[in-house]
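Peer 1: whatever this is, show me its structure:
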Amino acid sequence: MKVIDLTHVIESTMPVYPGTEPPTLVTANTWEQDGFKETRISMHSHTGTHMDPPAHIFRGRTTLDAFPPEQFIGKALVIDCTALQEGEAITMEQLLPYGEKVKEADFLLFHLGWDSRWGTEAYFGDFPCIDDAALNLILAGDYKGIGFDVISLDPIDDLTRHRKLFREKDIVNIENLCNLGLCGSELFWFSCFPLKIADCDGSPVRAVAWFE
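Peer 2: Numbering: from 1, shown residues only. As a prediction, the model looks like this:
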């Protein structure tokens, strides 16, 4: 079995959404003093490779802990968007070459190649975002989730697409993925389990692809 990790490492120097505090990882217990090592972690729920549920945007909508575990596992398809330039949109043109596989997937993962900019100011640039037609296709389908190797579904300081995605549909959105370019153009198994936190508006995930 081939397994590919699609998750960025959580560390104190990692990129975070503008205005968000970076995570802190402080040694709380040591082998020398306590006989074991333990770390106190403080971070926002949307740190690193993470997942948004509808409750991220709308009061009273579905929280992550309310989803059944099968929401976070299924067949995924990577959509190659690496030919797009800064500021261009993800459109049906990127989806059409995959034919029926788009309908067969549980997760559509959009590969912009932006993970190569991780840790630089360029990561916060004018990354391509999905347009209305492509988002309407997702809303009309039976998808468990969508994902991107950029910091947001929307341009920074905009939530238009988040609102449209989550207003009525129970779906998850995964941001800050990496290594999507290693997954090929066929369907593969994918999992993205979040922490099970009460009333959860978001959580880091360990996103993984595997091929049997």
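
Peer 1: which helix or strand contains the residue nearest the centre of the chain?
Peer 2: Taking CA atoms, centre = their mean, the centroid of the chain lies closest to residue 174, which sits 1.8 Å from it. Using DSSP states H and E, residue 174 sits within strand 172-175.

Peer 1: partners of that strand, with directions?
Peer 2: strand 50-52 (antiparallel), strand 145-148 (parallel) (DSSP bridges).

Peer 1: outside of the last one, which residues touch it?
Peer 2: The set of residues that contact strand 145-148 without belonging to it, under CB atoms under 8 Å, 6 or more residues apart in numbering, is 51, 71-72, 76, 106-110, 112, 114, 138, 153, 165, 171-175, 177, 192, 207. C-beta here means a position set from N, CA and C on the backbone, and glycine is covered the same way.

Peer 1: can you name the next helix or strand after it?
Peer 2: With secondary structure assigned by DSSP H and E, strand 145-148 is succeeded by helix 160-166.

Peer 1: for residue 129, list the residues it contacts.
Peer 2: 89, 90, 153, 154, 155, 161.

Peer 1: give me the longest helix you can find in this structure.
Peer 2: helix 132-140 (DSSP state H).

Peer 1: show the average pLDDT along that one.
Peer 2: The average pLDDT for helix 132-140 rounds to 97.

Peer 1: in it, what's buried?
Peer 2: With burial defined by 16 or more other CB atoms under 10 Å, the residues of helix 132-140 counted as buried are 134, 135, 137, 138.
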